[in-house]
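Colleague: Need coordinates for the following:
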Amino acid sequence: MLEIKGLAKHFGGVRAVDGIDFHVTKGESFGILGPNGAGKSTTMRMLGATLQRTSGELSILGRDPAHDG
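Modeller: Predicted structure coming up:
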């Protein structure tokens, strides 16, 4: 359902998200936890296709939000 490989987002010299990997299969629930500034919101924005990623692969239901919206 959801496949993330090496997902990264850099803002200039700041690494907001630095190469995360995870996958979620059909029927699973997941949460993203961490302290302020850990990259949770940035990750969700990339998943929602409202923020372009710097690098990595992202697939939701077999589609890439950067290309398929």
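Colleague: Just give the nearest non-adjacent residue to the residue most central in space within the chain, would you?
Modeller: Residue closest to the average C-alpha location in the chain (CA atoms, centre = their mean): residue 43, at 4.1 Å. The shortest distance from residue 43 to any residue other than its chain neighbours is 5.6 Å, reached at residue 17 (CB to CB, 6 or more residues apart in numbering). Just so you know, the C-beta spots here come from the backbone N, C-alpha and C atoms, and that holds for glycine as well.
Colleague: Contacts only, for that neighbour.
Modeller: 7-9, 39, 42-43, 46, 53 (CB atoms under 8 Å, 6 or more residues apart in numbering).
Colleague: quick revisit: mind checking how far the residue nearest to the centre of the chain is from residue 27?
Modeller: According to CB to CB, to the nearest Å, residue 43 and residue 27 sit 22 Å apart.
Colleague: Also residue 36?
Modeller: For residue 36, the distance to residue 27 - CB to CB - is 31 Å.
Colleague: what does residue 45 give?
Modeller: Between residue 45 and residue 27 the distance, using CB to CB, works out to 25 Å.
Colleague: which of the two has more neighbours?
Modeller: residue 45 (16 against 6; other CB atoms under 10 Å).
Colleague: Could I get the average pLDDT for the helix or strand hosting residue 9?
Modeller: Residue 9 belongs to strand 2-11 when assigned by DSSP states H and E. Predicted confidence along strand 2-11 averages 96 (mean pLDDT).
Colleague: any idea which helix or strand comes after it?
Modeller: strand 14-24.
Colleague: before we move on, the earlier item: pretty sure the residue nearest to the centre of the chain is in a helix, no?
Modeller: Yes. Counting by DSSP: H, G, I helix; E, B strand; the rest coil, one finds residue 43 located in a helix.
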